[in-house]
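Undergrad: show me the folded form of this:
(one chain, ligands or ions: 1)
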Amino acid sequence: MTARTGVRFGARTAAIATPGSRAWQVSDRAEARLAAGDDVIVLTVGDVDVPTPAHILAAVQRSLAAGRTHYAPIVGEPALREAVAARTNHRYGTRYGSEQVVIFPGAQSALFSSIQCLAGPGEEVVVLEPFYATYEAVVAAAGAVPVAVSLRQGQAFGLDLAALERAVTPATRAVLLNTPNNPAGFVLGADEVGALARLCARLGLWLVCDEVYAEIAYARAHASPACEPAILDRLVLVDSLSKSHAMTGWRIGWAIGPPDLAAHLGRLAMASLFGSPTFIQDAAVAALTGPQDICAELRQLYRERSDALLHSLAGAPGLHIWAPQGGMFVLAEISATGLAADAFATRLLEEAGVAVVPGLAFGQSVADCIRLGLTQPAERLAEAGARIRRWLAAR
Ligand SMILES: Cc1ncc(COP(=O)(O)O)c(C=O)c1O
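TA: Here you go, the predicted model:
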């Protein structure tokens with residue numbers, strides 16, 4: 001769209017126009033073609049094709065029938081904050097109280113609010129790369145500067161604590177980490193996460209850990225910085241039910257942190273949200289306290305799907321593929337094809353009918369990669385892999 005003359009917007013609007021905000025152009029074209037009836041396999045947006053479990057649907061219906069359609073406490077329903085604290089303590093052996101939990105409409109909103117409370121103009125947030133496509137905009141929206149530190153070491157991913165320490169300046173306020181990782185599918189080990197947490201504690205930095213894929217670690221156990229006591233007074237855990245319980249559209253998540261941060265988050269939630277829907281929170285309590293089979297089912301589903309996609313892509317000329325350890329994506333380096341990732345994604349859609357996301361949205365160090373979502377049944381992923389192989393071989 002061309003800029004209108006004489007119309008001004010706030011300075012932050014330029015800052016939030018990051019590569020991540022433009023990541024969905026191929027996806028939008030693919031969705032339009034799908035709607036027009038074309039045979040297109042869309043592997044872009046990270047939404048699972050599995051329905052929300054029946055007992056959670058029943059809980060929202062009960063809540064609505066009971067007239068639970070009014071304002072909720074701004075920081076969240078007590079029962080949900082309690083359930084979140086209990087689940088977190090059970091997972092990590094921590095002793096979070098429910099007053100340390102603030103409910104938000106999804107992990108995205110919890111991340112946005114956490115960064116707003118931790119950094120501002122003139123300050124920096126180290127964003128460990130590759131990162132989820134919204135992170136740079138989240139930091140920029142607070143007026144702070146995202147400073148990328150890459151975890152990519154050639155064909156492997158791992159923490160380089162020396163590089164991280166070199167990137168820290170007197171203006172650095174926080175480090176933002178996502179494990180299990182979107183887009184690269186790696187799961188950091190307990191030793192790495194513990195060392196990172198201790199480094200942040202030593203440098204007096206906040207550590208914000210996005211754990212939305214914690215339940216979807218299938219080839220390596222998820223490790224949380226919450227297991228490192230030294231960081232607990234500067235740690236923010238962000239999570240949601242979107243990925244773990246097939247509840248993306250419900251928009252329900254949370255941030256957990258020390259009590260003073262929780263108080264700031266509560267005031268920000270007042271200014272920005274004035275609470276999350278009561279009936280959704282009731283359903284979230286049912287999700288957290290009821291049967292947890294869905295988490296294991298999804299873990300198994302993604303493992304099978306990743307096997308199917310990797311099998312069908314084996315030997316594809318010019319691709320280097322990282323087998324995911326968790327999450328719902330597969331990252332593939334495509335530089336040996338001689339194409340830039342944007343051109344690769346555009347031509348793959350036009351010529352083979354498969355939609356993927358070009359890597360730049362996830363950071364400079366994976367700009368020569370594409371991301372494929374495990375968001376279709378295994379047979380469809382195998383078909384996508386076959387199309388990609390045929391297309392690459394015919395070029
Ligand atoms: C790493 C990561 N964090 C956060 C989110 C946002 O999750 P939610 O739906 O809970 O806002 C996503 C969604 O894809 C994600 O991949």
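Undergrad: is the lengthiest helix in the chain up against the ligand anywhere?
TA: Assignment by DSSP state H gives helix 293-313 as the longest helix of the chain. No: applying C-beta under 6 Å from any ligand atom, one finds helix 293-313 separated from the ligand by no less than 13.0 Å. From N, CA and C alone the C-beta is placed, and that goes for glycine too.
Undergrad: now the helix or strand hosting residue 110: average pLDDT?
TA: In this assignment (DSSP states H and E), residue 110 forms part of helix 107-118. For helix 107-118, mean pLDDT rounds to 98.
Undergrad: what does the longest helix of the chain contact?
TA: Contacting residues not belonging to helix 293-313 are listed as 48, 50, 53, 185, 215-219, 243-246, 319, 321, 323-324, 326-328, 330, 332, 372, 374, 376-379, 381-386, 388-389 [C-beta atoms under 8 Å, 6 or more residues apart in numbering].
Undergrad: now with 7 Å, please.
TA: Applying C-beta atoms under 7 Å, 6 or more residues apart in numbering, the contact partners of helix 293-313 are 48, 50, 53, 215-216, 218, 244-246, 319, 321, 323-324, 328, 330, 372, 374, 378, 381-382, 385-386, 388-389.
Undergrad: extract the C-alpha set from stretch 340-350 and format it as CSV.
TA: Presented in CSV, the C-alpha positions along stretch 340-350 are these (Å, rounded to 0.1, in the frame of the first residue of the first chain):
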residue,chain,number,x,y,z
ALA,A,340,16.9,-16.9,-1.9
ALA,A,341,14.3,-18.1,0.6
ASP,A,342,11.7,-15.6,-0.6
ALA,A,343,12.1,-16.7,-4.2
PHE,A,344,12.1,-20.3,-3.1
ALA,A,345,8.8,-19.9,-1.2
THR,A,346,7.2,-17.9,-4.0
ARG,A,347,8.1,-20.3,-6.7
LEU,A,348,7.4,-23.4,-4.6
LEU,A,349,3.8,-22.2,-4.2
GLU,A,350,3.4,-21.1,-7.9
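Undergrad: can you list the residues of the stretch 1-150 of the chain near the ligand?
TA: Counting by C-beta under 6 Å from any ligand atom, the stretch 1-150 of the chain sits next to the ligand at 46, 106, 107, 108, 132.
Undergrad: of these, buried ones?
TA: By neighbour count, with 16 or more other C-beta atoms under 10 Å, these hold 46, 106, 107, 108, 132 as buried.
Undergrad: make JSON lines from the residues you listed and add distance to residue 138 to it.
TA: Below are these laid out as JSON lines (distance: C-beta to C-beta, whole Å):
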{"residue": "46", "distance to residue 138": "16"}
{"residue": "106", "distance to residue 138": "12"}
{"residue": "107", "distance to residue 138": "11"}
{"residue": "108", "distance to residue 138": "8"}
{"residue": "132", "distance to residue 138": "9"}
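Undergrad: how far is the longest helix of the chain from where the chain is centred?
TA: Relative to the centre of its chain, helix 293-313 is centred 18 Å away, using C-alpha atoms, centre = their mean, to the nearest Å.
Undergrad: quick one: buried residues of it?
TA: 294-295, 298-299, 301-303, 305-306, 308-310, 312-313.
Undergrad: circling back: for the helix holding residue 110, packing partners?
TA: Judged by 3 or more C-beta pairs under 7 Å, 6 or more residues apart in numbering; DSSP states H and E, the packing partners of helix 107-118 are helix 135-141, strand 206-210, strand 235-240, strand 253-256, helix 259-272.
Undergrad: can I get that helix in CSV? Just the C-alpha atoms.
TA: Extracted C-alpha coordinates of helix 107-118, given in CSV (Å, rounded to 0.1, in the frame of the first residue of the first chain):
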residue,chain,number,x,y,z
ALA,A,107,1.0,-16.3,25.1
GLN,A,108,1.4,-13.5,22.5
SER,A,109,-0.3,-11.0,24.8
ALA,A,110,1.6,-12.3,27.8
LEU,A,111,4.9,-11.8,26.0
PHE,A,112,3.9,-8.3,24.7
SER,A,113,2.9,-7.3,28.3
SER,A,114,6.0,-8.8,29.9
ILE,A,115,8.4,-6.9,27.6
GLN,A,116,6.4,-3.7,28.1
CYS,A,117,7.0,-4.1,31.8
LEU,A,118,10.7,-4.9,31.5
